[in-house]
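Visitor: next comes the sequence, and after it the predicted model I'd like to discuss.
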Amino acid sequence: MKNLLLFLAVTSALIFSSCEGDPGPPGPQGEPGINILGQVFEVNVNFQYNPDTGLQEALVNFPSTVEVFESDAILVYRLEKVVPANGGSADAWSALPQNFFLGNGDIIQYVFNHTFFDVELLIDGNFDLSLLGSDFTSDQVFRIAVVPSEFATDGISMETLLEELTIDQTEIITIDN
């Protein structure tokens, strides 16, 4: 008798666990072309020396298509180099802050700060930055990511970030600065 009850209980559980109800109503449609999980854009920057601060500076305004919320995190990556890969090339990105040791004890560091409207890119150093060469100040390419804070972990690579946010390389816009 115990075996019969056990058999009926297991059979009932299997039958009723495979039942499926009516699907619910569809949710509201989002705006086309907007990824609510995060957005990434690219900008080419020329730094300018500011004698008042002693820093090299560049201000990047968020494009009108990028909305920044108080809880969002801003991540900035600098294009380090382009490397050969699989018969083509691949971009190598470095997360900011990024240090460079130039010799003779000279050090520079790319850093940034941001508001809801813009990102200020800075080069700080331990020497007179008005003497810094154009290799570090001209035609510098940055990717700026606006992401929900749960995605903003220290040291996350550009590739991992794009994968987590389901953003394709072709979707990244380049803005004029």
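Guide: Alright, I've got the coordinates.
Visitor: can you map out the helices along the chain?
Guide: 2-17, 134-137, 158-164 (DSSP state H).
Visitor: where among those helices is the average confidence lowest?
Guide: Least confidently modelled of these is helix 2-17, at a mean of 60 by mean pLDDT.
Visitor: pull the contacting residues for the closest residue to residue 48 other than its chain neighbours.
Guide: Closest residue to residue 48 apart from its sequence neighbours, by C-beta to C-beta, 6 or more residues apart in numbering: residue 57 at 6.0 Å. Placement of C-beta: from N, CA and C, glycine included. Residues counted as contacts of residue 57 (C-beta atoms under 8 Å, 6 or more residues apart in numbering) are 47-50, 120-123.
Visitor: which of the residues you listed sits closest to residue 107?
Guide: The shortest approach to residue 107 among those belongs to residue 123, at 10.8 Å (C-beta to C-beta).
Visitor: how deep is that closest one tucked in, by neighbour count?
Guide: By other C-beta atoms under 10 Å, the residues close to residue 123 number 21.
Visitor: roughly how far apart are it and residue 98?
Guide: 10 Å (C-beta to C-beta, to the nearest Å).
Visitor: mutual contacts of these two, please.
Guide: 109-110.
Visitor: mind listing what the most centrally placed residue in the chain touches?
Guide: Centroid-nearest residue in the chain: residue 145, 3.2 Å away (criterion: C-alpha atoms, centre = their mean). Contacts of residue 145 were listed using C-beta under 8 Å, 6+ apart, and they are 38-40, 74-77, 161, 165.
Visitor: rerun at 6 Å
Guide: Applying C-beta atoms under 6 Å, 6 or more residues apart in numbering, we find residue 145 in contact with 40, 75, 161.
Visitor: tell me the bridge partners for it.
Guide: residue 40, residue 75 (DSSP bridges).
Visitor: look up how far residue 162 lies from it.
Guide: Distance from residue 145 to residue 162, by C-beta to C-beta: 9 Å.
Visitor: repeat that for residue 44.
Guide: Relative to residue 162, residue 44 is positioned 19 Å away (C-beta to C-beta).
Visitor: who has more neighbours, these two?
Guide: residue 162 (19 against 15).
Visitor: beta-bridge partners for residue 108, please?
Guide: With DSSP bridges as the criterion, residue 108 is bridged to residue 100, residue 125.
Visitor: can you get me a residue count around it?
Guide: For residue 108, the neighbour count with other C-beta under 10 Å is 20.
Visitor: correct me, but it touches residue 123?
Guide: Yes. Under the criterion of C-beta atoms under 6 Å, residue 108 makes contact with residue 123 at 5.5 Å.
Visitor: so, low pLDDT: which residues of this protein?
Guide: The chain contains residues with pLDDT under 70 at 1-21, 27-37, 150-155, 158, 173, 177.
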